[in-house]
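Novice: What would the 3D arrangement of this be:
(one chain, ligands or ions: 1)
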Amino acid sequence: MTTKETMHTNSILIVDDEKAARYGMKKILQRDHGSIFEATNGIDVLQKIHTLQPALIFLDINMPQLDGLKTLEKIREMKHPPLVVIVTAHGSEKIAVEAMKKGAYDYIAKPYEMEELRIITRNALEKIALQEENTRLRMEIGMLEGYGELLGQSKIMQEVFDRIEKVVTADVTVLLQGESGSGKELAAHEIHRRSKRKNGPFIVMNCAAVPETLIESELFGHERGSFTGATERRMGKFEMANNGTILLDEIGDMSLSTQSKLLRVLQEQKFERLGGTETLAVDVRIISATHRDLEEEIEEGRFREDLYYRINVVNIKIPPLRKRKEDIPLLVNRFIQHFSKKHYKNVVSISNDAMKKLSAYNWPGNIRQLKNTIESAIVLTNNDVLDISDLSEDIIREEKTPDSTKNVHYHLSFREAKKILIENFEKDFISKKLEECGGNISHTAEALDMHRQNLQQKIKDLQLNKDIKE
Ligand SMILES: Nc1ncnc2c1ncn2[C@@H]1O[C@H](COP(=O)(O)OP(=O)(O)OP(=O)(O)O)[C@@H](O)[C@H]1O
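Specialist: Residues are numbered from 1 along each chain as shown. All right, here's what the predicted structure looks like:
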């Protein structure tokens, strides 16, 4: 919603089929107001609203063709209707009340005093000015607090929002890079929501969650009988995303053979279903996301360089939360509001000490971890204001930004050391959540805001398969 869409001009429109009545009213109002226009009937007024965008309308109730009440109904159906003051004859207050119920702002009965008309007009225009100021302020605050659902006031995030804003209309292929939980999927969704494809589908394909043998059928679909278990023809995600956007999440985890098939779709926007001969053409915007360093993956021979250049027309890096700690208070307060409502609690805020602890922590799991922390605190607390005692031990212990390399052996390569660190964090975080959820995978996946299959794979990779209930 732009400012222009919600703002009216300051003009007034007088609607009456009697010339003398219009003239009399215009003369009184002209003293204080510049732009006064006239309309002679209900149909004329509807057209003039579009061209003149008046702030206020004086609408006579007794008119031939479309009468005042019907005209009022039509005006109220408009997206941003002007205020309407109904002009009635003395003794027809009942109609005036009906008009107010239908959304008229006020009414005035003929014959009226000059002063009465002036006061009603002044009040109406003041009300409009106030409403518009509120809209403007709300929009300013909204913009300061983030970009749609993506919250962030830090300079670094404002730069990310600027970059996103530039690609929304451009319909180019975008690569989102950032650590797990930093907001890549949310950013992709926001790009879609603001693009010209917003009425088309937004389809997410998690390339890491699907086993290698099924990924092509997931992406491109399959014909009946194309492999054991393919009992019916199935649409792939590319087909589903036609006229919309597809997010290829964790694209860095895609095998080389699938990468080459994907390259063809990117080049030609064409593909065949598995086991099929028909070539399907689609119109899809592709957004890719990964937590991996794709240039490193190319060097290691695990990612095709030509595909990289295709998906990386515009690159947006989402910074980790520890690099934008000034966003933590805003995020925490929003998450408190959200989860307090969701879980029917009365938590209204957080103590300064607890906020300091949250700001000092390093957040290796980024916003997802912060969100989970606040949700779990809200569910477990008996307080109206979250306090240090509502936070988990890890967060309380972390007095300052931890030396994240403290347990790492320097004889390892940087890549190996990084892998161990990430694995240790993942093991620790996931096993704690599993424990909290009594080993139930579906609940844990929900609590971690992760795909169930993704979690199952992680549990297997990290060898956490103990006490798991399906
Ligand atoms: N800037 C933000 N403002 C508010 N909520 C956010 C923001 N960034 C992320 N979130 C929330 O954090 C959670 C994780 O975000 P998201 O799934 O987009 O991360 P991701 O980078 O795609 O993670 P992964 O790589 O693990 O898939 C989601 O619940 C999302 O709504």
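Novice: Every contact and neighbour count from this point should use C-alpha atoms.
Specialist: Will do.
Novice: any idea how far the closest residue to the ligand within the stretch 201-350 of the chain lies from residue 285?
Specialist: In the stretch 201-350 of the chain, no residue comes nearer to the ligand than residue 291, which is 5.8 Å away by C-alpha to the nearest ligand atom. As judged by C-alpha to C-alpha, to the nearest Å, residue 291 and residue 285 stand 20 Å apart.
Novice: before we move on, what about residue 12?
Specialist: Noted for residue 12: a distance of 46 Å to residue 285, by C-alpha to C-alpha.
Novice: hmm, back to that, neighbour-wise, which of residue 291 and residue 285 wins?
Specialist: More crowded of residue 291 and residue 285, by other C-alpha atoms under 10 Å: residue 285, with 23 against 20.
Novice: what sits against that one?
Specialist: Contacts for residue 285 (C-alpha atoms under 8 Å, 6 or more residues apart in numbering) come out as 171-173, 243-246.
Novice: Make a PyMOL selection of the buried ones in those.
Specialist: A single PyMOL command selects the buried members of those (16 or more other C-alpha atoms under 10 Å):
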select buried, resi 171+173+243+244+245+246
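Novice: Closest to residue 201 out of the contacts of residue 285?
Specialist: Residue 201 lies nearest to residue 244 out of the contacts of residue 285, by C-alpha to C-alpha, at 4.7 Å.
Novice: was I right about the closest one contacting residue 200?
Specialist: Yes: judged on C-alpha atoms under 8 Å, residue 244 makes contact with residue 200 at a distance of 4.3 Å.
Novice: right, is stretch 151-171 up against the ligand?
Specialist: Yes: shown here: stretch 151-171 in contact with the ligand (C-alpha under 6 Å from any ligand atom) through 151-152.
Novice: in that stretch, what counts as buried?
Specialist: Residues of stretch 151-171 classed as buried: 151-154, 157-158, 160-161, 164-165, 167-168, 171 (neighbour count, 16+ other C-alpha under 10 Å).
Novice: pLDDT, distance to residue 460 and secondary structure added to the residues you listed, as CSV?
Specialist: Below are those laid out as CSV (pLDDT from 0 to 100; distance: C-alpha to C-alpha, whole Å; DSSP: H, G, I helix; E, B strand; the rest coil):
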residue, pLDDT, distance to residue 460, secondary structure
151, 94, 34, strand
152, 93, 35, coil
153, 88, 38, coil
154, 90, 37, coil
157, 94, 35, helix
158, 89, 38, helix
160, 93, 35, helix
161, 91, 37, helix
164, 92, 36, helix
165, 88, 39, helix
167, 90, 38, helix
168, 87, 38, helix
171, 85, 38, coil
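Novice: which element is the nearest residue to residue 312 once chain neighbours are set aside on?
Specialist: Excluding the flanking residues, the one nearest residue 312 by C-alpha to C-alpha, 6 or more residues apart in numbering is residue 175, at 5.1 Å. Here residue 175 sits within strand 174-177, counting by DSSP states H and E.
Novice: So what touches that strand?
Specialist: 167, 184, 188, 286-292, 311-318.
Novice: Swap in 6 Å and give it another go.
Specialist: Identification of contacts with strand 174-177 by C-alpha atoms under 6 Å, 6 or more residues apart in numbering yields 287-291, 312, 314-317.
Novice: wait, does stretch 206-221 contact the ligand?
Specialist: No: judged by C-alpha under 6 Å from any ligand atom, stretch 206-221 stays clear of the ligand, getting no closer than 8.2 Å.
Novice: ok now that stretch, how far from the chain's centre?
Specialist: Centroid separation between stretch 206-221 and its chain, computed with C-alpha atoms, centre = their mean, to the nearest Å, is 27 Å.
Novice: Same question for stretch 348-355.
Specialist: Stretch 348-355 sits 26 Å away from the centroid of its parent chain (C-alpha atoms, centre = their mean).
Novice: now do stretch 251-270
Specialist: Centroid separation for stretch 251-270 versus its chain: 28 Å, with C-alpha atoms, centre = their mean.
Novice: start the count at 773, not 1, going forward
Specialist: Sure, I'll start counting at 773 from here, so that last one is stretch 1023-1042.
Novice: contacts for it?
Specialist: For stretch 1023-1042, the external contacting residues (C-alpha under 6 Å, 6+ apart) are 979-980, 1052-1054, 1062, 1079.
Novice: Tell me the residues on the stretch 1023-1172 of the chain that lie near the ligand, please.
Specialist: Within reach of the ligand by C-alpha under 6 Å from any ligand atom, the stretch 1023-1172 of the chain has these residues: 1063, 1139-1140.
Novice: Any chance of CSV for these, columns secondary structure and pLDDT?
Specialist: Below are these laid out as CSV (DSSP: H, G, I helix; E, B strand; the rest coil; pLDDT from 0 to 100):
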residue, secondary structure, pLDDT
1063, coil, 92
1139, helix, 96
1140, helix, 95
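Novice: Wasn't residue 1210 part of a strand?
Specialist: No: Residue 1210 sits outside any strand when classified using DSSP: H, G, I helix; E, B strand; the rest coil, being coil.
Novice: and the next element down the chain from the one helix or strand residue 890 maps to?
Specialist: Assigned by DSSP H and E, residue 890 belongs to helix 886-917. Per DSSP H and E, the first helix or strand lying C-terminal to helix 886-917 is strand 918-919.
Novice: ok, that following strand: who's next to it in the sheet?
Specialist: Its sheet considered, strand 918-919 pairs with strand 922-923 (antiparallel) by DSSP bridges.
Novice: Report the central residue of the protein.
Specialist: Taking C-alpha atoms, centre = their mean, the centroid of the chain lies closest to residue 921, which sits 3.7 Å from it.
Novice: confidence score at the closest residue to residue 1218 other than its chain neighbours?
Specialist: Of all residues not flanking residue 1218 in the chain, residue 1224 sits nearest, at 7.8 Å (C-alpha to C-alpha, 6+ apart). Model confidence at residue 1224, given as pLDDT, is 87.
Novice: ok, now residue 1175?
Specialist: Residue 1175 is assigned a pLDDT of 46 by the prediction.
Novice: swap in the one 4 residues further on?
Specialist: At residue 1179, the pLDDT value in this model is 50.
Novice: Ramachandran coordinates for residue 981?
Specialist: In terms of degrees, to the nearest 10, the main-chain angles of residue 981 are phi -80, psi -20.
Novice: Right, I'll leave it there.
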